[in-house]
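Peer 1: quick check, what structure comes out for this input:
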Amino acid sequence: MLKDLKLERVLFLDIETVPQTYIYQDLDEKTKELFNHKTRFSQNEEKSFEALYNERGSILSEFGKIICISIGLVTKDSLGARKIRLKSFAHDDEETLLLQFKKLLDDREYILCGHNSKEFDIPYICRRMLINGISLPSVLDIAGKKPWEINHLDTLELWKFGDYKAFTSLALLCHVFNIPTPKDDISGADVARVYYEEKDLKRIRQYCEKDVVALIQLLMRMKGDSLIPEENISSASE
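Peer 2: Down below sits the predicted model:
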């Protein structure tokens, strides 16, 4: 149960992804053909394959890539005050950041926690690791494991309480739990533009880390604990 969860064992995470090729027209013919086939049931007169690529090119792991993985850990200082320590693996070369993230997971046994991470972040990371020829660390290698052997925690799943009909965003849950979140000048829909046009990976990393803070604060509220003060939050990525 959540009240018994040892927070120091939990690795909170969020990822940012972009399409491997920014513009649909720049795809090679074979990739374009396969993207069209994969998204054919969503295409219609009002939504072209180009529009679908703009919407989904980054979230489909076969056509996208990870440019940032942000993680957070909750610790306690000598006086017992909880602190959030953030770190990001952000790189133009996806293999580099995935290898860095894998080393972190290989060095210590964590419970992985994200929002909708069982449906998006974790499968995406696993698929991109395999595509890059990287063996999966134990916590991600879930094939054949029983449900209770899988150390993954998902705040969206916790909020559903067995109801699989609806999706609730992290932003909405932070709102209803009265968790203050800093206003940001970009959203998830802006990440590809900021990456390819502005070439501002640092800005994307900062945006990703803010989501990790929101995720941690949400789990604190779900546990019935107090929020961690902003002055107790720091990043090793600076």
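Peer 1: avg pLDDT for the strand or helix carrying residue 219?
Peer 2: Using DSSP states H and E, residue 219 sits in helix 201-222. Mean pLDDT, computed over helix 201-222, is 96.
Peer 1: that one - contacts with which helices or strands?
Peer 2: Under the contact criterion of 3 or more CB pairs under 8 Å, 6 or more residues apart in numbering; DSSP states H and E, helix 201-222 touches strand 10-19, strand 64-76, strand 82-90, strand 111-114, helix 155-160, helix 170-176. No exception for glycine: its C-beta is placed from N, CA and C like everyone else's.
Peer 1: and after it, which helix or strand comes next?
Peer 2: Taking DSSP H and E, what comes next after helix 201-222 is strand 233-235.
Peer 1: what helices or strands is that next one leaning on?
Peer 2: Short answer (3+ CB pairs under 8 Å, 6+ apart): strand 233-235 packs on strand 82-90.
Peer 1: which secondary structure elements does the strand it packs on contact?
Peer 2: Using 3+ CB pairs under 8 Å, 6+ apart, strand 82-90 sits against strand 64-76, helix 94-107, helix 201-222, strand 233-235.
Peer 1: in JSON lines: the ones you listed, plus distance to residue 148 and mean neighbour count.
Peer 2: What follows is the helices and strands packed on strand 82-90, written out as JSON lines (distance: least, CB to CB, whole Å; neighbours: other CB atoms under 10 Å):
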{"stretch": "strand 64-76", "distance to residue 148": "23", "mean neighbour count": "21"}
{"stretch": "helix 94-107", "distance to residue 148": "20", "mean neighbour count": "16"}
{"stretch": "helix 201-222", "distance to residue 148": "20", "mean neighbour count": "21"}
{"stretch": "strand 233-235", "distance to residue 148": "32", "mean neighbour count": "16"}
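Peer 1: distance to residue 151 added to these, as a markdown table?
Peer 2: Shown next, in a markdown table, are the helices and strands packed on strand 82-90 (distance: least, CB to CB, whole Å):
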| stretch | distance to residue 151 |
| --- | --- |
| strand 64-76 | 15 |
| helix 94-107 | 11 |
| helix 201-222 | 15 |
| strand 233-235 | 24 |
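Peer 1: ok, residue 149 - contacts?
Peer 2: By CB atoms under 8 Å, 6 or more residues apart in numbering, the contact set of residue 149 is empty.
Peer 1: need the phi and psi values for it.
Peer 2: Per-residue torsions, residue 149: phi -90, psi 0 (degrees, to the nearest 10).
Peer 1: quick one: pLDDT of it?
Peer 2: 82.
Peer 1: what's the pLDDT at the residue located most distally from the centre of the chain?
Peer 2: In the chain, the residue that sits farthest from the middle, by CA atoms, centre = their mean, is residue 45; the gap is 32.4 Å. The confidence metric pLDDT takes the value 79 at residue 45.
Peer 1: phi, psi of it?
Peer 2: The phi/psi pair for residue 45 (degrees, to the nearest 10) is phi -60, psi -30.
Peer 1: returning to that earlier point: out of the helices and strands packed on strand 82-90, the one nearest residue 5 is which?
Peer 2: helix 201-222 (8.2 Å; CB to CB).
Peer 1: and that closest one with strand 64-76, angle?
Peer 2: Interaxial angle, helix 201-222 versus strand 64-76 (axes from the mean of the first three to the mean of the last three CA atoms, to 10 degrees): 50 degrees.
Peer 1: alpha carbons of helix 201-222, as CSV, please.
Peer 2: Output of helix 201-222 as CSV, limited to C-alpha atoms (Å, rounded to 0.1, in the frame of the first residue of the first chain):
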residue,chain,number,x,y,z
LEU,A,201,17.7,21.2,-25.4
LYS,A,202,18.3,22.9,-22.0
ARG,A,203,14.8,24.5,-22.2
ILE,A,204,13.3,21.1,-22.9
ARG,A,205,15.2,19.5,-20.0
GLN,A,206,14.0,22.2,-17.6
TYR,A,207,10.4,21.6,-18.8
CYS,A,208,10.8,17.8,-18.3
GLU,A,209,12.2,18.2,-14.8
LYS,A,210,9.2,20.4,-13.8
ASP,A,211,7.0,17.4,-14.7
VAL,A,212,9.0,15.2,-12.5
VAL,A,213,8.6,17.6,-9.6
ALA,A,214,4.8,17.6,-10.2
LEU,A,215,4.8,13.8,-10.3
ILE,A,216,6.6,13.5,-7.0
GLN,A,217,4.3,16.1,-5.3
LEU,A,218,1.2,14.2,-6.7
LEU,A,219,2.4,10.9,-5.1
MET,A,220,3.1,12.7,-1.8
ARG,A,221,-0.5,13.9,-1.8
MET,A,222,-1.8,10.5,-2.8
